[in-house]
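K.L.:
test case, fold it:
(chains A and B)
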Amino acid sequence: MAVLVKIPTQLRAAAEGAAETEVSGETVAEALNGLYERYGELRERIANEDGSLRRFVNVYLAGEDIRFLDGLATPVPDGAELTILPAVAGG
Amino acid sequence: MAVSHLQCKECKAQYPLEALYVCEQCFGPLEVAYDHSGISLDVGELRRRIQGGPQNIWRYADFLPLAGGPPGPSGRLPAGCTPLIRADRLAERLGLREVWVKNDAANPTHSFKDRVVSVAVTRARELGFETIACASTGNLANSVAAHGAALGMDSYVFIPANLEEQKILATGIYGTKLVGVDGSYDDVNRLCTELCAERDWAFVNINLRPYYAEGSKTLAFEIAEQLGWELPDRCVVPVASGSLFTKIARGFEEWTELGLIEGKAPRMNGAQAEGCSPVASAYADGHDVCRPVKPDTIAKSLAIGNPADGPYALDLARRTGGGVDAVSDDEIRAGIKLLAETTGVFTETAGGVTTAVLAKLAARGDIDPDERVVLVITGDGLKTLDAVRDSFETYKIGASVESFENTVPEAVAV
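P.N.:
Now for the predicted structure:
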């Protein structure tokens, strides 16, 4: 499955400046692994050693927080869009 | 000025004092660090300097993240110096000895948000921004729109489209570009985080967030100053993102470190609505991170399902011997009524949450009767009128003495 991953500004320096990139994978975890394979530095920026996401990293599949879906195991349909964003406080 | 740099709360990496909010190394939030080594260590002198300052938050400018000091008098909306009211009738109803109400509805746009927005927009101007913006649950919307108008800055305000009508009207009137988003606050926040990356705007609670959050410390400074340079024993504070809750504690800590106040850090009790209680649930379950929720509560100003400062709020509640509790919508309405009937302060739903949590703590016996408790009321009841509709009866009479006395027999003249 082809997945478009949108990379936040804070991570672009570690991704050769790319704002988005296409990877393949059946699940969110596989898609993120595809991303890490392309830009190795991103892994340690957003993931813990066990592969889980750091606590201030939010990942959205078509606008929905993956924690409301199946987390990293969430299946990704072909052509889906994954957005990585920092958690920010609100008001 | 004592402001030094930005620092990651997680990995302590340092950054310059720019419009940055996320650590590039670990994605942790950035906050402002100070160097108070140049400040007078003579407590008496420091106190006199504060007391000689203006009757607004700029009396605390030494402890705020501005490079050029407080803004000039033109076009500013002075926030802060709101009343701290001794609430003996409320205390008596709850079986407590000493309860104080910090009424932050008494700000220019009727909520505590004027404190954080004043700081954020002042810093935004220092950094050369011409447009301010925010993602808001309502109170922030009012404040950003009003500050934009006062300072002549363009503003964009993003809100969930289903917000209370009062909060929408009290935003649009200032001539802001108001954007109602089909979705929850968390959707609005996500959208604004994406928009922020591509625009040269100061989103006060996103890219200006480290500066913005510092404004909440002024609530702690005022409480301490108004109590005669003393600390309360306990504070009950509403929790949405967790920023206000943690920054009030930070304010007390900062002044204690400088010797301006002495004593033990207050117990910090967070207040949430059951319909949006990710922090209270994590507290009850012993977790140190929050699982996001889809909010469903009348307390819309607290309806943040994905609270970014949740882990810090949990840590603070545990560290100080406080807690985080949640109350139902009916308890929230009862809280609004209780505060109104015993203090004359009419608060919005968030204040109902806070008052109801205080009542719950008191009923549970969690509060020692000798404690000095401060209840932080963050917004005005006129902002959420639907919450109190049909909560009382009105006598309907004709315009005659007879009709009055027939309808209200207990008021018959003797």
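K.L.:
can you pull out the strands in the chain?
P.N.:
Went with chain A since none was named. A:2-6, A:20-24, A:57-61, A:64-65, A:80-86 (DSSP state E).
K.L.:
wrong one, chain B
P.N.:
Using DSSP E, strands in chain B cover B:3-8, B:14-15, B:30-34, B:84-86, B:98-103, B:131-135, B:154-160, B:177-181, B:202-203, B:234-238, B:267-273, B:323-327, B:372-377.
K.L.:
now B:Val99, nearest residue through space, not along the chain?
P.N.:
The spatially closest residue to B:Val99, leaving aside those adjacent along the chain, is B:Ala91, at 4.0 Å (C-beta to C-beta, 6 or more residues apart in numbering or on different chains). Placement of C-beta: from N, CA and C, glycine included.
K.L.:
just checking, the one you found touches B:Trp100?
P.N.:
No: the pair B:Ala91 / B:Trp100 is not scored as a contact, 9.1 Å apart, by C-beta atoms under 8 Å.
K.L.:
and B:Gly44, what is it in contact with?
P.N.:
Counting by C-beta atoms under 8 Å, 6 or more residues apart in numbering or on different chains, B:Gly44 makes contact with nothing.
K.L.:
swap in B:Ala87?
P.N.:
B:Ala87 neighbours (C-beta under 8 Å, 6+ apart): B:Val99, B:Trp100, B:Val101, B:Thr342, B:Thr343, B:Leu375.
K.L.:
and it, what's its pLDDT?
P.N.:
The model reports B:Ala87 with a pLDDT of 98.
K.L.:
buried set for the lengthiest helix in chain A?
P.N.:
Looking across chain A with DSSP state H, the single longest helix is helix A:28-38. Residues of helix A:28-38 classed as buried: A:Val28, A:Ala29, A:Glu30, A:Ala31, A:Leu32, A:Asn33, A:Gly34, A:Leu35, A:Tyr36 (neighbour count, 16 or more other C-beta atoms under 10 Å in any protein chain shown).
K.L.:
and which of these is nearest to B:Gly323?
P.N.:
When those are compared for distance to B:Gly323 (C-beta to C-beta), A:Val28 wins out at 34.7 Å.
K.L.:
now that closest one: how far from chain B?
P.N.:
16 Å (C-beta to the nearest C-beta, to the nearest Å).
K.L.:
pull the number of nearby residues for B:Leu90.
P.N.:
A count of neighbours around B:Leu90, defined by other C-beta atoms under 10 Å in any protein chain shown, yields 25.
K.L.:
what sits against it?
P.N.:
Contacts of B:Leu90 by C-beta under 8 Å, 6+ apart are B:Val99, B:Val101, B:Leu338, B:Leu339, B:Thr342, B:Thr343, B:Leu375.
K.L.:
mind running it again at 6 Å?
P.N.:
Going by C-beta atoms under 6 Å, 6 or more residues apart in numbering or on different chains, B:Leu90 touches B:Val99, B:Thr342, B:Thr343.
K.L.:
got it, and B:Pro65?
P.N.:
B:Val3, B:Val32, B:Tyr211, B:Glu214.
K.L.:
which parts of chain A sit against chain B?
P.N.:
A:9-10, A:54-57, A:65, A:67, A:85-91 (C-beta under 6 Å from any C-beta of the partner chain).
K.L.:
top of those by neighbour count?
P.N.:
Most surrounded of the residues of chain A next to chain B: other C-beta under 10 Å gives A:Gly91, at 30 neighbours.
K.L.:
which regions of the chain sit below the pLDDT cut-off?
P.N.:
Chain wasn't specified; assuming chain A. Low-confidence segments of chain A, defined by pLDDT under 70: A:89-91.
K.L.:
right idea, wrong chain: chain B
P.N.:
Looking at chain B by pLDDT under 70, you get B:1, B:75.
K.L.:
how about the residues of it by chain A?
P.N.:
Going by C-beta under 6 Å from any C-beta, the residues of chain B near chain A are B:22, B:24, B:27-28, B:136, B:140, B:189, B:193, B:197, B:205-206, B:241, B:243, B:289, B:292, B:304, B:308-309.
K.L.:
separate out the buried members of the residues you listed.
P.N.:
Counted by 16+ other C-beta under 10 Å, the residues of chain B next to chain A give B:22, B:24, B:27-28, B:136, B:140, B:189, B:193, B:197, B:205-206, B:241, B:243, B:292, B:304, B:308-309 as buried.
K.L.:
by proximity to chain A, which residue of the stretch 151-300 of chain B wins?
P.N.:
For the stretch 151-300 of chain B and chain A, the shortest gap (C-beta to the nearest C-beta) falls at B:Ser241, measuring 3.6 Å.
K.L.:
tell me how far that residue lies from A:Gly17.
P.N.:
31 Å (C-beta to C-beta, to the nearest Å).
K.L.:
still on that earlier bit, with neighbour numbers in mind, choose between B:Ala91 and B:Trp100.
P.N.:
B:Trp100 (23 against 19).
K.L.:
which residues touch the more buried one?
P.N.:
Contacts of B:Trp100 (C-beta under 6 Å, 6+ apart): B:Leu84, B:Arg86, B:Val374.
K.L.:
equivalent analysis for B:Thr131, please.
P.N.:
B:Asp154, B:Trp201.
K.L.:
quick check: bridge partners of it?
P.N.:
According to DSSP bridges, the residues that bridge with B:Thr131 are B:Asp154.
K.L.:
separation between the closest residue to chain A within the stretch 51-200 of chain B and B:Ile304?
P.N.:
Nearest to chain A in the stretch 51-200 of chain B, going by C-beta to the nearest C-beta, is B:Leu140, at a distance of 3.8 Å. For B:Leu140, the distance to B:Ile304 equals 11 Å [C-beta to C-beta].
K.L.:
what about B:Gly128, how many neighbours?
P.N.:
9.
K.L.:
what about it, distance to B:His147?
P.N.:
From B:Gly128 to B:His147 the distance is 17 Å (C-beta to C-beta).
K.L.:
same check on B:Ser184?
P.N.:
25 Å.
K.L.:
between these two, who's got more neighbours?
P.N.:
B:His147 (30 against 21).
K.L.:
quick check: that one touching B:Val119?
P.N.:
No: counting by C-beta atoms under 6 Å, B:His147 does not reach B:Val119; the two are 10.5 Å apart.
K.L.:
can you list the domains in chain B?
P.N.:
B:1-36, B:84-110+B:216-388, B:113-212 (automatic domain parsing).
K.L.:
how about the contacts of B:Trp100 in CSV, adding neighbour count?
P.N.:
CSV is the format used below for the contacts of B:Trp100 (neighbours: other C-beta atoms under 10 Å in any protein chain shown):
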residue, neighbour count
B:Leu84, 18
B:Arg86, 12
B:Val374, 28
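K.L.:
what sits against residue 36?
P.N.:
Unless you meant another one, I'm taking chain A. A:Leu42, A:Arg43.
K.L.:
you answered for a different chain; I wanted chain B.
P.N.:
B:Ala2.
K.L.:
just B:Arg86 next, same as before
P.N.:
B:Arg86 neighbours (C-beta under 6 Å, 6+ apart): B:Trp100.
K.L.:
same thing but 10 Å
P.N.:
Residues counted as contacts of B:Arg86 (C-beta atoms under 10 Å, 6 or more residues apart in numbering or on different chains) are B:Glu98, B:Val99, B:Trp100, B:Val101, B:Thr343.
K.L.:
what of A:Val88?
P.N.:
A:56, A:58, B:21-22, B:29, B:135, B:189-190, B:192-193, B:196, B:203, B:205-207, B:209, B:241, B:243, B:306, B:308-309.
K.L.:
how about 7 Å then?
P.N.:
B:Tyr21, B:Asn189, B:Thr193, B:Ile206, B:Arg209, B:Ala308 (C-beta atoms under 7 Å, 6 or more residues apart in numbering or on different chains).
K.L.:
okay, and which of these map to helices?
P.N.:
B:Asn189, B:Thr193, B:Arg209.
K.L.:
in a markdown table, list those along with distance to B:Ser328.
P.N.:
Below are the ones in helices among the contacts of A:Val88 laid out as a markdown table (distance: C-beta to C-beta, whole Å):
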| residue | distance to B:Ser328 |
| --- | --- |
| B:Asn189 | 25 |
| B:Thr193 | 31 |
| B:Arg209 | 31 |
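K.L.:
fine by me, thanks again.
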